[in-house]
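# Sequence first, predicted model second:
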Protein chains: 2
Amino acid sequence: MTEGVAALGGALERGEITSEDATRAFLARIEARDGALRAFIRVMREEALAGARASDERRRAGAAKGALDGIPIAIKDNIDVAGVPTSGGIRHYRDSIAHEDAFVIRRLRDAGAVILGKLNMHEAALGATGDNPWFGRCENPHRAGYTPGGSSSGSGAVVAAGLAAAALGTDTLGSVRVPASYCGTAGFKPTFGLVSTRGVMPLSWTLDHVGFLAPHVADLELLFAACAGFDREWAYARRGPRFLSPKRADPSDLRGLRVGRPALPSPFEPDIASACKRAVEALAGLGATIVDVELAGYDFSRMRREGLLVSEVEGATFHKEALERDPEGFSAGLRGMLAFGAKQTALRAAQAYRRLADVRVIARRAFAGIDAMVLPTTPQAAFPFSQAVPVDQADLTGFANIVGIPAGCVPFGKNGDGLPLSVQAMAPAFEDRLVLDVLAALEGAGPA
Amino acid sequence: MTEGVAALGGALERGEITSEDATRAFLARIEARDGALRAFIRVMREEALAGARASDERRRAGAAKGALDGIPIAIKDNIDVAGVPTSGGIRHYRDSIAHEDAFVIRRLRDAGAVILGKLNMHEAALGATGDNPWFGRCENPHRAGYTPGGSSSGSGAVVAAGLAAAALGTDTLGSVRVPASYCGTAGFKPTFGLVSTRGVMPLSWTLDHVGFLAPHVADLELLFAACAGFDREWAYARRGPRFLSPKRADPSDLRGLRVGRPALPSPFEPDIASACKRAVEALAGLGATIVDVELAGYDFSRMRREGLLVSEVEGATFHKEALERDPEGFSAGLRGMLAFGAKQTALRAAQAYRRLADVRVIARRAFAGIDAMVLPTTPQAAFPFSQAVPVDQADLTGFANIVGIPAGCVPFGKNGDGLPLSVQAMAPAFEDRLVLDVLAALEGAGPA
C-alpha cells in the first residue's frame, strides 16, 4: 500500500483504493507488528473502520472533504480523543476518558481523517526513550532493542513501520523531532500557538506544541494546513495562520534564500556532522547562500536544563492533586522529576522563565542576516536501551520550543551502523512554510 | 506659558517662545512649587538648559527635529537617564548611576526632547500612594495632604502642576493611569512590548510597561509616536509599530465604532459611576454603538492579587542580591512584600503565571463583538494620606497589563468634593491608535 498522507490521498482520489481497505491494511500491519513494537496503547479498530466507511461514502457521493479525507492517522496518547482515555503514558490516567476531542482532533475529523488509535509515549512526555513502565517499552522499527526516541515514541515508530499514514505528536523540547530523527521519518512542530494545544495533557504549557510525523514533507504540509488555526478559546494562542508567510514558488530553486549554519558546541558523532554538512551543501547546490551564524550567548545544554526545569515545575503544577492522591500511579522516576520541580522556589522559577524569554533576543540576532537555519536534529542516532541515556538528546531541538519558532526535520541518509540520520530546519515565527520548503528541498536532495 | 507637548510645540514652531525660555519657566515653577509637592527627586537644571539651547540652535538653523524638539519632559526615577542615578524610589539605589539611556530616553533625545529631571515614585513601583519613605511624600497638586496616586506619583503631579510639558511613567498594574486619574491628567500605556522597557528598573518584566502622562491626548499621541519601536535587543518586545492599526479619519465621528461597557463588580462612588455613564453617552452622541459586555470569568480583585504576586516574585528576583547585602536600603513595608514573593513556591508562581495567561481568553471573548471598552480608571478619586489605603486602586487598570493591551485615560469632570474624575479606554493589542482616538473623543466631549 502507498505510504504517507499525500500518496494515499492520491490513491483514494483516483479510486485505486478505498479508505476502508487502507484502514484494514494498516490494522493488519498493526496486528502483525505491534506486538513487538508496542507503539499503540489502544487500537480503535471499530471506530476507525466506521470512519473509513463514512469517508468512502462521502467520496462515492462526490463530497470528499479534501486531502485528509479517509486517511488513517494515529494519535499520541496525551491528546484527547473523545470517548477513549488520555493516559499521557501515566498509569494514574489510564482510565481517564476524554469527553471532548482536542482542538487538533476536531480539525482532523472536520477534514475527514480516520483516527486509528492512541500511541505509546514516554511517561508524561518527560523523557525521550519511550521505555514506558506502564504501557511497555516502545521499540525502534529499524532495530529491535533500540529506542525510537521520544517522548512521541509511538508516533515515530508507527510512521517508520508503516502502521499509520501519519501521527500526531507533541513537542516540548524536541519530542516530535527526536523520534522522527531516530525513526527516520519527517517531523514538524509549527510556530507556538499556531496549532492550539487545547485538549492536550500539558507537560509545560509554556513550551508544549502539537506536531506531526509522517513519511514525507508533503504529508506534513497537508497535516499542518488542516490543523493550524487561531483558537480564540485558548490562552496560549497568539495569532492565526493569516500571519503566515507564503510558500515559495518553487522549492527546488533556493536562489535568494540565506541559510544559516549555526556554530554548535557539542562534539558530534562524525556521521551526524557529515550528514549535516552534506545537507547544507545540497541547499547551496539549489542556489541558497550559506551563512555561518552564532547563537551568541546560547548555552545549548544549560538552556535545555532551564526548559526541563520549567517543564518539571509546570508538570508538577498540573499533576499535583493526582500525585498526592495516587503516588503509585506515577513511576518513581517521574515522581522524582516532578518532586524536583515542586521543591523549587518561586524565585528560581521566575528566573528560569526570564532566561527562556531572553533567548528570543538571541534568536532575533541569529535570524537578522538569515532566513532559515539548518542543523542536526539530535547529537546521536538511535541507541540501544541497554546503553545509558545521553543527557543531550534535546540539546539541538529545545531552542525552537524556547523561542516558539517553527522547526522540523527530515531523514538524511544512514550512519555507519545503518541507522537513520536526520537534519533539522528552523525559521522565525510564522515562517512555517519556509521551514517546510527547506525540508522539502532537503528531502529531494538527500541520500536514499 | 502654553501647557502640554502639542501646544508648546506649536508655540516653538511659530517662534512665540524658545525652548530655553520654556525650560526656564518650568524650572522657575519647579522652584516655586516642588518644595511642597516633592515630585522631583532630581532636577537636571544645567543639562536641561543645555539641551534647550541646542534645540533652539537647531530650530534657528532650520533643522528642528519634529514635534518633540525642545519640549521639556520629566522622567520617572526607575527609567535610566545616562549619567544620573536610577533609584527606583529605593534608598539602596539612590547613587546607582545609569551608564546608558533607557530605550525610551534614547528615543526622546533622538526627537530633540529636553530631559528636565527625575521624578519621585512609590518605592520600587510597588504601591500606588507616592508616600515615599526616602524621597518624601509626593503631594497631589489639587489638594495638599492628598495622594497623587502611584506608582508614577511624581509623573502625575508634575503634569497636573504644570512643572513639565509631559512625563514618562511606568505601569505594571495601573501605575500610569492611577496617578493620571487622581491628578486629572491624560495617561496612556501602549500594547505590551511596543515601547521597549529596556533600561527600566523592573518591578515585573511580565507586566511592566512604559507609559506617558500629559495634559492632553494630542500630547500622548506625539510621545507614543516618538517612543514606539521594535527593540530587537529586548526579550519582551513582540512586534513593532508596523502592526498598528491606522488612526480613524475623524475622531469626532464614531459611527461604526462598537464601544463596550463592561459589567463591573465593585460598588463605586456614585460620582465615578455617573462620570463613566456620561462618558459612554458622549461616545454614543458621536455615533458609537454602545454594547454591554461581560468580562465573564474575570475576578477583578483576585486577578489584581495574582498580578501583585507575580510582581512580588519577580521584584524579589530582581532585588535579591541587593536585599541580602543591604536590607536597610529598602523600607520595612517593601521588604515585607518582596519577602512574601520570595517565600512562594515554584508551583504557586507557575499557577499565577498560568492564571494571567488565561485572562487572554477572557479578553478575546470580550472583544469579539466590540472595538473598544470604556470604564472608570479607578474605583475612587484621590484620598487623603490620613485615610487607610484602599486595596482596590488597581482593580480596573490591571486587566490591560495582564492581557498586554493598550489602555489610557482622560480627566472627565470633578467629583462632589472638587477632585478630578477619570475615564479609561482599552482596545485589543496593536489598537493603540484606537484607544487614543477614543480618549480624544472623550476629552473633546468631557465636562470642563
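Nice, I can see it.
# Would you report the backbone torsion angles of A:Ser422?
Dihedral pair for A:Ser422: phi -150, psi 140, per degrees, to the nearest 10.
# What residues does the stretch 201-350 of chain A have near chain B?
A:205-206, A:232-237, A:313-314, A:316-317, A:320, A:341-350 (C-beta under 8 Å from any C-beta of the partner chain). The C-beta positions use only the backbone N, C-alpha and C, and glycine is treated the same way.
# Now a PyMOL select for only the buried ones of the residues you listed.
If you want just the buried ones from those in PyMOL, going by 16 or more other C-beta atoms under 10 Å in any protein chain shown, the selection is:
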select buried, chain A and resi 205+206+234+235+236+237+313+314+316+317+341+342+344+345+346+347+348+349+350
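# Of the residues of the stretch 201-350 of chain A next to chain B, which belong to helices?
By the criterion of DSSP state H, membership of those in helices covers A:313-314, A:316-317, A:320, A:341-342, A:346-350.
# what about the strands in the stretch 201-350 of chain A?
A:209-214, A:258-262, A:289-293 (DSSP state E, counting those that start in this stretch).
# before we move on, what about the stretch 1-150 of chain A?
Using DSSP E, counting those that start in this stretch, strands in the stretch 1-150 of chain A cover A:40-43, A:72-76, A:114-119, A:131-132, A:136-137.
# Can you lay out the ones you listed as TSV showing mean neighbour count, distance to chain B and mean pLDDT?
Listed next are the strands of the stretch 1-150 of chain A as TSV, based on neighbours: other C-beta atoms under 10 Å in any protein chain shown; distance: least, C-beta to the nearest C-beta, whole Å; pLDDT from 0 to 100:
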stretch	mean neighbour count	distance to chain B	mean pLDDT
strand A:40-43	22	28	98
strand A:72-76	30	22	98
strand A:114-119	28	26	98
strand A:131-132	24	25	98
strand A:136-137	17	31	98
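# Between these, which one is closest to A:Asp271.
strand A:131-132 (24.1 Å; C-beta to C-beta).
# Could you list the paired strands of the closest one along with their orientation?
Strand A:131-132 sits in its sheet next to strand A:136-137 (antiparallel), going by DSSP bridges.
# what separates the partner strand from the chain centre, distance-wise?
Taking C-alpha atoms, centre = their mean, to the nearest Å, one finds the center of strand A:136-137 at 20 Å from the center of the full chain.
# Spatially central, which residue of chain A would that be?
A:Val176 (2.2 Å; C-alpha atoms, centre = their mean).
# and that residue, what does it touch?
Counting by C-beta atoms under 8 Å, 6 or more residues apart in numbering or on different chains, A:Val176 makes contact with A:152, A:155, A:169-170, A:187-189, A:209, A:211-213.
# same thing but at 10 Å, please
For A:Val176, the contact set (C-beta atoms under 10 Å, 6 or more residues apart in numbering or on different chains) comprises A:76, A:149-152, A:155-156, A:167-170, A:185, A:187-189, A:209-213, A:397, A:407-409.
# Okay, and which of these map to helices?
Per DSSP H, helices hold the following members of these: A:155-156.
# What residues sit buried inside the helix or strand where A:Ile402 lies?
Counting by DSSP states H and E, the element that carries A:Ile402 is helix A:398-403. Within helix A:398-403, the residues that count as buried by 16+ other C-beta under 10 Å are A:398-403.
# Nearest to A:Gly89, out of the residues you listed: which one, please.
Checking the buried residues of helix A:398-403 one by one against A:Gly89 (C-beta to C-beta), the nearest turns out to be A:Asn401, at 19.0 Å.
# Does that closest one touch A:Leu173 like I think?
Yes: counting by C-beta atoms under 10 Å, A:Leu173 is a contact partner of A:Asn401 at 5.3 Å.
# which stretches of chain A aren't confidently modelled?
Scanning chain A with the threshold set as pLDDT under 70 gives A:1-2, A:448.
# Brilliant, that's me finished.
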